[in-house]
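My questions concern the predicted model and sequence given below.
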Amino acid sequence: MKSTNLNRIVLFIAITILLDSAGFGLIFPVLPELLEQVLHADLSTAAKYGGMLTLAYAFMQFIFAPILGILSDRYGRRKVLLLSLFGFSVDCFIMALASSYWLLFLSRLLAGITGATFAVAAAAITDSTDESSRTKYFGYLNAAFHVGFILGPLLGGLLGEYHLTYPFYFAGTLGLCNVAYGYFYFPETNKTKVKTPIRLSSFSPLQSLKSIRRFKQITVLFVVFFLLSAASHSMESTWSFFTLLQFEWSKQQVGLSLTLIGIIGFLVQAYVLQYLSKKLTDYKLIYLGLAVSGIGLILLSFCTTTVQLWIGITLYLLGSVQQTGFQSMLSKSVDSQHQGELQGVLGSLNGLTTIVAPPLFTYSFYLFTQDNALPYLPGIAFALAATLILISLYLLFRYSRK
């Protein structure tokens, strides 16, 4: 593929991923006050209903990630991505105009549907790159995700100071601009579209998980992906609670720490990964990343000083190179006609862990921080995540030997 076309494709997809991740984080700073106003309730009640919004978003991600992947195999990546981006903008405008909780709930459902585009974006990158450069470009996607994670909460808090609706209008307008850019400059990347008719049963999330049987030669890799995806939720689920309890941080310190984590994650994907991908095979990249992440999580589990905390989180983020190596390895295990389906299955597995893992980690935190807890361990979520990584290492070692 010509470098000009590839650059346009990567730019469009990177902006799309950035908007998706920013749109997810954009809501955090303003959601509590927005819910208080809509529900005419106190903050405690708002938090309860806010949890329902998060669950609705995760559930739609679980259902629609594989559906969008299958549709992109059949009708092309371009149409699916442009329609999803348009839906993202509509969702932002609904959030801005919502005057009732049910409109907010509807908006979160739509956000989960239109935000399930990572599978299609990953498939488009696979279409456009050869195996030697694919890991590098997957790294760009993950870097864009981290930039969105940085910008979303920051913009939400900054614009929300002027008016609660401004962050949503801003994000919706950016989404429409990206739709216009993609319409004129993003070409179709799927040159081997599936010709067989699509059955309605294919759109069931359970049917998507059954698609794993189609890729039975890499079933172990799906299990590893599930475990690693579950482990990644330990950070987002308990970081605020952990730092508030263990180090008595203020809300401002917690917010700043999340921004710094996003910056470190971006630097790892944009620079460290690009260097390592030239020196190491995917397997070596994965093993190295898992080992470093595991050490970081163990340190976080038992840290008692802020120096130990930041060493642990830095090691954990450095180990995130394994995610990109794993994506690249999986994409090379499947033929071009089923890349969308593969990425859809991965998106569905990731959505499933988004539903299951956060309650597991937060409840474990609750159990191990009670006054009578034996042992008393605020870092229990990180210890559980480290255990999942060790199991993943074992399974990968067994798989590679076969």
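Nice, thanks for sending it over.

going forward, measure contacts and count neighbours with C-alpha atoms only.
Fine.

how about the helix or strand residue 104 falls within: buried residues?
Secondary structure assignment for residue 104, by DSSP states H and E: helix 101-114. Neighbour-count burial for helix 101-114, counted by 16 or more other Cα atoms under 10 Å, picks out 101, 104, 105, 106, 107, 108, 109, 110, 111, 112, 113, 114.

what would the residues you listed look like in a markdown table with distance to residue 241?
Listed next are these as a markdown table, based on distance: Cα to Cα, whole Å:
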| residue | distance to residue 241 |
| --- | --- |
| 101 | 26 |
| 104 | 26 |
| 105 | 26 |
| 106 | 29 |
| 107 | 27 |
| 108 | 24 |
| 109 | 27 |
| 110 | 29 |
| 111 | 26 |
| 112 | 25 |
| 113 | 29 |
| 114 | 30 |
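
from those, which is closest to residue 80?
Nearest to residue 80 among those, counting by Cα to Cα, is residue 114 at 9.5 Å.

so what pLDDT did the closest one get?
Residue 114 is assigned a predicted lDDT (pLDDT) of 78.

Isn't it up against residue 87?
Yes: Residue 114 is within contact range of residue 87, at 5.7 Å (criterion: Cα atoms under 8 Å).

just to revisit the earlier point, which single one of the buried residues of helix 101-114 is nearest to residue 351?
Distances from residue 351 to the buried residues of helix 101-114, taken by Cα to Cα, are shortest for residue 112, at 9.8 Å.

Now do whichever strand or helix holds residue 184, average pLDDT.
In this structure, residue 184 is located in helix 166-185 according to DSSP H and E. Across helix 166-185, pLDDT averages out at 86.

List the buried residues of that helix.
For helix 166-185, by 16+ other Cα under 10 Å, it's 166-172, 174-176, 178-179, 182.

ditto for stretch 134-144
Applying a neighbour-count criterion of 16+ other Cα under 10 Å, one finds 134, 135, 136, 137, 138, 139, 140, 141, 142, 143, 144 buried in stretch 134-144.

give the contact list for the fourth one.
Meaning residue 137. Residue 137 is in contact with 10, 125, counting by Cα atoms under 8 Å, 6 or more residues apart in numbering.

and the angle from the helix or strand hosting it to helix 166-185?
Using DSSP H and E, residue 137 sits in helix 131-160. Angle of helix 131-160 versus helix 166-185, following axes from the mean of the first three to the mean of the last three Cα atoms, to 10 degrees, is 150 degrees.

On the three-state scheme, residue 230 is what?
Under DSSP: H, G, I helix; E, B strand; the rest coil, residue 230 falls in the helix class.

mind checking pLDDT for residue 3?
At residue 3, the model reports a pLDDT of 60.

How about residue 103?
90.

Can you name the next helix or strand after the strand or helix carrying residue 11?
Assigned by DSSP H and E, residue 11 falls within helix 3-26. Sequence-wise, the next helix or strand downstream of helix 3-26 (DSSP H and E) is helix 31-39.

Do I have it right that residue 72 meets residue 83?
No: judged on Cα under 8 Å, residue 72 makes no contact with residue 83 at a distance of 11.3 Å.

neighbour count winner among these two?
Counted by other Cα atoms under 10 Å, residue 72 and residue 83 do not tie: residue 72 has more neighbours, with 28 against 12.

Now do the contacts for that one.
The contact partners of residue 72, taken as Cα under 8 Å, 6+ apart, are 78, 79, 80, 120, 340.
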